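need a 3D model of the following:
(2 chains)
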Amino acid sequence: MENILQQIGIENYIYLSTLLFCVGVFGVLYRRNAIVMFMSIEIMLNAVNLLLVAFSTYHQDAAGQVFVFFSMAVAAAEVAVGLAILVAVYRNIKNIDIDNLKNLKG
Amino acid sequence: METNLALLLLLAPLAGFLLNIFAGKKLSRNLSGTLGTIAVAVSFAVTLFFFMQVSSTKEPVMVNLFKWMTLANFDVNFAFQLDQLSLLWLMFVTGIGTLIHVYSISYMHDDENIHKFFAYLNLFIFFMITLVMGSNLLIMFIGWEGVGLCSYLLIGFWYKNQDFNDAAKKAFIMNRIGDLGFLIGIFIIGYLFHSVDYIDIQNAIVSGSFDVNDINNMTWLGVATLCLFIGACGKSAQIPLYTWLPDAMAGPTPVSALIHAATMVTAGIFMITRMNFVFDLTPDVQNIIAIVGAVTSLIAASIGLMQNDIKKVLAYSTVSQLGLMFLALGLGAYEIAVFHVITHAFFKACLFLGSGSVIHAMSGEQDMRNMGGLRKVMKVTFITFLIATLAISGLPPFSGFFSKDEILMTAFHHNKPLWVIGSVASIMTAFYMFRLLYLTFFKGFRGTEEQKHHLHESPSLITFPLVVLAVLALVGGAISLPGSSWLNEYLAPIISHPAEHHALGTTEYMLMGVAVVGALVGIGLAYAKYIKQGFVPVPDNEITGFAKVVYNKFYVDEIYTAIVVKPIYALGAFFKNVTEVALSGFIFGLGKVANAIGAQGRTVQNGSIGLYLFVFVLSVCSIIAYIFLK
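Residues are numbered from 1 along each chain as shown, chains lettered A, B, ... in the order given. Model (predicted):
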């Protein structure tokens, strides 16, 4: 493990996860399909997970990796709920384009 | 045992009240009244028992229920004190109360709200007992407020008439003014003595722990007694707070007899007699009391000369007699004031109930100009009324003679001008009472044919209390005959400085003679005017000159309206039209601003999730930028 870190360097992990996070953010901002936005959110989540694992290894502390397991479990639950909502939305308006979801205005 | 009996005495009327107010509609008319009467009769029986006991043992019965409130070095117990004075008061409150309840069963029989009437009467008796029995000023205050409430409820009993409602409100508000004085007086007493308990206060004065030579103490004490006297003025209808009592005649006649003649209005005299050891220390206030009493007695008597409403005459005579009692109080002759309270309770209750009997026979007519000649049809009412009239006029051997004569005698020895005022008031009393008697019972009948057809003697439930009260009015003077007074000895433990009793010498007999001659002159004048000349008071619009001023009660009500009520209304109008408009404009302005902001703000929430997310990300980025770049 140390070898891999030495070979690649912690800063590259940081660059990667920052990149992944930004991809996620822009995905959420620019795409209008709810499922794709959902996937983008997952990318952001996993970018953070990656960073957590990298730092965990760097500090020789297993707590960060344990935390990632929790994070993944919660993400799985969240996905289940989110997809269920999307299914319900689809049943109502026959598509999942967020521009059609404008009933919540003041 | 004593605690239970005292509680029975207190709570029996309350039980009657609760029963009548909650279940009264389901009871039959007679049952409702009977229950109310029994409740008071129970109280009377218990009072009689205690009265016998205390008369023989001469030891007051103290009943301590619980500790009411505790403050730093200031305790108030919820306790009752049954001593000579409170038992004497309870005797005639419950005794006359019972008679008037009996009377009301018949008098109010056709009223749709008879159960409510008895409920209120019982509640009144309950509060009156509280007032009299309490062992400290705060408990007296509970009763004081309670009887005021009942007075309000009963004056406005026929609430469908707006005038009656106004009279009720007037009585309540006027009483509130006095009550405020009373309350302030209690506060100052509490401040000075660290207690409001009668016995504690008396002990503090007697033992010297309250320094009567300290000028600061005495100033405050003077303010306290003056405030207490203002309270008494409100309740006992003295100048300047007397105008509610004549208006209070809007209530049913038994109410006038019970509350506004015999019992409640004597509460002020009771309070001052209760606190006599305090009033004795403030001679200046005593002077004020004496002067106010004498002037009230004269002014009320002079107004009474010109009234044509049978109950109004009696009302002003009540104010006038109360004035005489205050005169006695101011002269330090507490036992004489109490004596007059008792005889007055007998003959005035009799007079009011008699007038009720007359009004009953006249189908609600109260104007004496439409009466006359009732002597032939209403024999019992006439005879009892005659006895009571003779008593109030102060002719021997009727009870009023003894009490009134003692007051005047005391006044003569202390303060001659007050004696003159009192004597003139007494002559006027004799005149207007016989005017009332002649106009009502003598000569021919002046009412309509229909009324004449209806004339009848009242049923026995009405005449029975009349007879009892007339007998008491006849012999009531026996409790304090000049020379050998049972009452003075009985009250000796209560009064710390008894008035000096003058031996019956030439002066005293002469004074009696003057009083009797004065009364006879008043009666003679009335006889000459209303029997010999057959004069009948002219209709309202033909009264002119000074008579008109007197007939309109010296325009006191109008003056009060002009100097108190109108300015208050003007102030209210000012607040409504200026202050409220300005304030509400300001508040509404704020509301409008908030609305306008909201109207703009709601357009931001347009439902576009993309925009929300964009703003969200932008905001997070800004926060991060702020944190790292600052």
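
top helix in chain A by residue count?
In chain A, with assignment by DSSP state H, the single longest helix is helix A:63-93.

ok, residue B:59 to residue B:82 distance?
Between residue B:59 and residue B:82 the computed distance is 10 Å (CB to CB, to the nearest Å). No exception for glycine: its C-beta is placed from N, CA and C like everyone else's.

so those two - more neighbours on which side?
Using other CB atoms under 10 Å in any protein chain shown as the criterion, residue B:59 and residue B:82 rank with residue B:82 on top: 25 against 10.

now do the contacts for that one.
Residues in contact with residue B:82 (CB atoms under 8 Å, 6 or more residues apart in numbering or on different chains) are B:6, B:50, B:54, B:60, B:61, B:62, B:63, B:90, B:133.

and if we set it to 7 Å?
By CB atoms under 7 Å, 6 or more residues apart in numbering or on different chains, the contact list for residue B:82 reads B:6, B:50, B:54, B:60, B:61, B:133.

give me the distance between residue B:347 and residue B:61.
Distance from residue B:347 to residue B:61, by CB to CB: 30 Å.

out of the two, which sits in the busier spot?
It is residue B:347, of residue B:347 and residue B:61, that has more neighbours when counted by other CB under 10 Å, with 32 against 19.

what's the distance between that one and residue B:252?
Counting by CB to CB, the gap from residue B:347 to residue B:252 is 20 Å.

in contact with residue B:534, which residues?
By CB under 7 Å, 6+ apart, the contact set of residue B:534 is residue B:443.

ok so, going back, ok, so of the contacts of residue B:82, who is nearest chain A?
Nearest to chain A among the contacts of residue B:82 is residue B:133, at 68.1 Å by CB to the nearest CB.

circling back to that earlier point, the longest helix of chain A close to chain B?
No: with CB under 7 Å from any CB of the partner chain as the criterion, chain B is not reached by helix A:63-93; the gap is at least 11.2 Å.

in that helix, what counts as buried?
For helix A:63-93, a neighbour-count test (16 or more other CB atoms under 10 Å in any protein chain shown) marks A:64, A:68, A:75, A:82, A:89 as buried.

again with stretch B:54-63
B:54, B:60, B:61, B:62, B:63.

could you list the residues in contact with it?
Residues outside stretch B:54-63 that contact it (CB under 7 Å, 6+ apart) are B:2-3, B:6, B:50, B:79-84, B:87, B:135, B:493.

repeat that with 6 Å
Outside of stretch B:54-63, the residues within contact range by CB atoms under 6 Å, 6 or more residues apart in numbering or on different chains are B:2, B:3, B:6, B:80, B:81, B:82, B:83, B:87.

model confidence over it, on average?
Across stretch B:54-63, the average pLDDT comes to 88.

again, but for stretch B:135-148
Averaged over stretch B:135-148, pLDDT sits at 92.

contacts for it next, please.
So stretch B:135-148 is contacted by B:76, B:79-81, B:127-128, B:130-131, B:134, B:175, B:186, B:196-197, B:264 (CB under 6 Å, 6+ apart).

tell me if residue B:365 really is in a helix.
No: Residue B:365 is assigned coil when assessed by DSSP: H, G, I helix; E, B strand; the rest coil, not a helix.

give me the phi and psi for the residue of the stretch 101-250 of chain B found nearest chain A.
Relative to chain A, the nearest point of the stretch 101-250 of chain B is residue B:169 (52.3 Å; CB to the nearest CB). Here the main-chain torsion angles of residue B:169 (degrees, to the nearest 10) amount to phi -60, psi -40.

what number of residues lie near it?
15.

tell me the pLDDT of it.
For residue B:169, the model assigns a pLDDT of 92.

now it: how far from residue B:162?
10 Å.

quickly find the element holding residue B:63.
With secondary structure defined by DSSP states H and E, residue B:63 is part of strand B:61-71.

report the distance from that strand to the chain centre.
Relative to its parent chain, strand B:61-71 has a centroid offset of 27 Å by CA atoms, centre = their mean, to the nearest Å.

quick one: buried residues of the helix or strand following that strand?
Counting by DSSP H and E, the next helix or strand C-terminal to strand B:61-71 is strand B:74-82. For strand B:74-82, burial by neighbour count (16+ other CB under 10 Å) applies to B:76, B:77, B:78, B:79, B:80, B:81, B:82.

which single one of the residues you listed is nearest to chain A?
Distance to chain A, by CB to the nearest CB, is smallest for residue B:76 among the buried residues of strand B:74-82, at 60.1 Å.

quick check: the closest one touching residue B:70?
No: assessed by CB atoms under 6 Å, residue B:76 is found out of contact with residue B:70, at 7.8 Å.

re earlier: any chance of the buried residues of helix A:63-93 in JSON lines, with pLDDT too?
Below are those laid out as JSON lines (pLDDT from 0 to 100):
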{"residue": "A:64", "pLDDT": "89"}
{"residue": "A:68", "pLDDT": "93"}
{"residue": "A:75", "pLDDT": "92"}
{"residue": "A:82", "pLDDT": "92"}
{"residue": "A:89", "pLDDT": "88"}
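
so which helix or strand takes in residue B:498?
Remark: residue B:498 resides in no helix or strand, with elements defined by DSSP H and E.
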